[in-house]
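Novice: Build me a model from this:
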Amino acid sequence: MRLLTYRPNRGASLILPALPFVVLIAIYAIGSILRHSGNPDDKLLPGLDSLAAAVRRVAFEPDKRTGDIILWSDTAASLTRLGVGLTVATVSSCVIGLLVGLLPYLRVLLTPFIAVLSMIPPLAILPILFIVFGLGEVSKIVLIVIGIAPFMTRDLALRVSELPVEQLVKAQTLGATTWQILLRVVAPQMMPRLIDSVRLSLGAAWLYLIAAEAIAAESGLGYRIFLMRRYLAMDVILPYVAWITLLAFLSDYILRRLQGWLFPWFAGARSK
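Specialist: Numbering: from 1, shown residues only. Here you go, the predicted model:
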């Protein structure tokens, strides 16, 4: 029998996904023990007990200076910036992408311009954003929007252009206006694809957020990581990295479930 004919049963489907994480934790624990056996003061790979103590300190104990619980205040600051940036990028990409993909004149006018915008490295213009918008929240949000909106717009416009021409011709034959075709024919088919585009952009959005917070911020997950770097506080940095990864994973999971709930026909067609 060929390997592709073997399929995991229910028990294996629950155990196998956790196995790589268990192996990774075991490798880290062994590496930490080996490093501390040679140098008890080693900071590069803190022990699991040190990590647990750091998590307890930042996640459950108020900060002596501000009175806030650091992890949660940083998380709230970062998620607020990320949420606003993703919302602005999604709405603008939806409107422009649908119009550019549907209307030939706009497609000819804006496609090259959007393509050029998508090629600009967002981190390269970060100093310009700080000069223009200052060091406050606006520059960080604008960086996220500039970083992901052109890609999402191009992706959505391409998906619109791939719609069967017969659909548009039939709608026009039945008397639909351009506005009606946009809202009742094109938009319903593009919304699940827009969610896919947002999911693909999450990683880049987190990258731009962390970069902006590392340079100019007084709170946020990226700010805390780069602040702790000065003190080689890996016992705080590693849990923060793991927390960011978990938040990104949960965001993707929520979007995937939302897509399946709002557009079950899309998930069914994809599984065929």
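Novice: When you work out contacts or count neighbours from here on, use the C-alpha atoms and nothing else.
Specialist: Noted.
Novice: Go ahead and list the helix or strand containing the closest residue to Ile215 other than its chain neighbours.
Specialist: Beyond its immediate neighbours in the sequence, the residue positioned closest to Ile215 (CA to CA, 6 or more residues apart in numbering) is Tyr223, lying 7.6 Å away. Here Tyr223, judged by DSSP states H and E, is contained in helix 221-229.
Novice: Give me the buried positions along that helix.
Specialist: Residues 221-226 are the ones in helix 221-229 that count as buried (16 or more other CA atoms under 10 Å).
Novice: now swap in stretch 212-222 and tell me
Specialist: Within stretch 212-222, the residues that qualify as buried are 212-214, 216-217, 219-222, counting by 16+ other CA under 10 Å.
Novice: what's the first-to-last distance across it?
Specialist: Stretch 212-222 has its terminal residues 8 Å apart, counting by CA to CA, to the nearest Å.
Novice: quick one: the residue nearest to Ile215 and Arg229 touch, right?
Specialist: No - in this structure, Tyr223 is not within contact of Arg229 by CA atoms under 8 Å, at 10.0 Å.
Novice: how much space is there between Leu51 and Leu238?
Specialist: Distance of Leu51 to Leu238, given as CA to CA: 8 Å.
Novice: if we can go back for a sec, tell me the two of the buried residues of stretch 212-222 that are most distant?
Specialist: Longest distance between any two of the buried residues of stretch 212-222 is 12.2 Å, between Ala216 and Leu221; criterion CA to CA.
Novice: Centroid-nearest residue for this structure?
Specialist: Per CA atoms, centre = their mean, the C-alpha nearest to the average position across the chain is that of Leu202, at 1.6 Å.
Novice: ok so, going back, for the residue nearest to Ile215, list the residues it contacts.
Specialist: By CA atoms under 8 Å, 6 or more residues apart in numbering, Tyr223 lies in contact with 210, 213-217.
Novice: mind redoing it with 10 Å?
Specialist: Listed by CA atoms under 10 Å, 6 or more residues apart in numbering, the contact set of Tyr223 reads 74, 78, 209-217, 229.
Novice: Let me know the secondary structure of the nearest residue to Glu137 once chain neighbours are set aside.
Specialist: Using CA to CA, 6+ apart and skipping the chain neighbours, the partner closest in space to Glu137 is Arg81 (7.2 Å). Local secondary structure at Arg81 is given as helix here, using DSSP: H, G, I helix; E, B strand; the rest coil.
Novice: Tell me the confidence at Arg81?
Specialist: On the pLDDT scale, Arg81 is placed at 96.
Novice: I'd say it and Val138 touch.
Specialist: Yes - with contact defined as CA atoms under 10 Å, Arg81 counts as touching Val138 (8.8 Å).
Novice: Settle it for me: which of those two has more neighbours?
Specialist: Neighbours were tallied for Arg81 and for Val138 using other CA atoms under 10 Å; the higher tally belongs to Arg81 (20 against 16).
Novice: which helices and strands sit right next to the helix or strand hosting Leu98?
Specialist: Here Leu98 sits within helix 70-102, counting by DSSP H and E. If you count contacts as 3 or more CA pairs under 10 Å, 6 or more residues apart in numbering; DSSP states H and E, helix 70-102 packs onto helix 48-60, helix 104-119, helix 137-161, helix 187-215, helix 221-229, helix 234-262.
Novice: mind redoing it with 6 Å?
Specialist: Counting contacts by 3 or more CA pairs under 6 Å, 6 or more residues apart in numbering; DSSP states H and E, helix 70-102 packs against helix 48-60, helix 137-161.
Novice: which regions of the stretch 1-150 of the chain sit below the pLDDT cut-off?
Specialist: Low-confidence segments of the stretch 1-150 of the chain (pLDDT under 70): 1.
Novice: Does Glu213 touch Ser219 like I think?
Specialist: No - under the contact definition of CA atoms under 6 Å, Glu213 does not touch Ser219, with a separation of 7.6 Å.
Novice: any common contacting residues for those two?
Specialist: None of the residues lies in contact with both Glu213 and Ser219 under the rule CA atoms under 6 Å, 6 or more residues apart in numbering.
Novice: show me the contacts for Ala54.
Specialist: 235-236.
Novice: Report the separation between it and Tyr240.
Specialist: If you go by CA to CA, the gap between Ala54 and Tyr240 works out to 10 Å.
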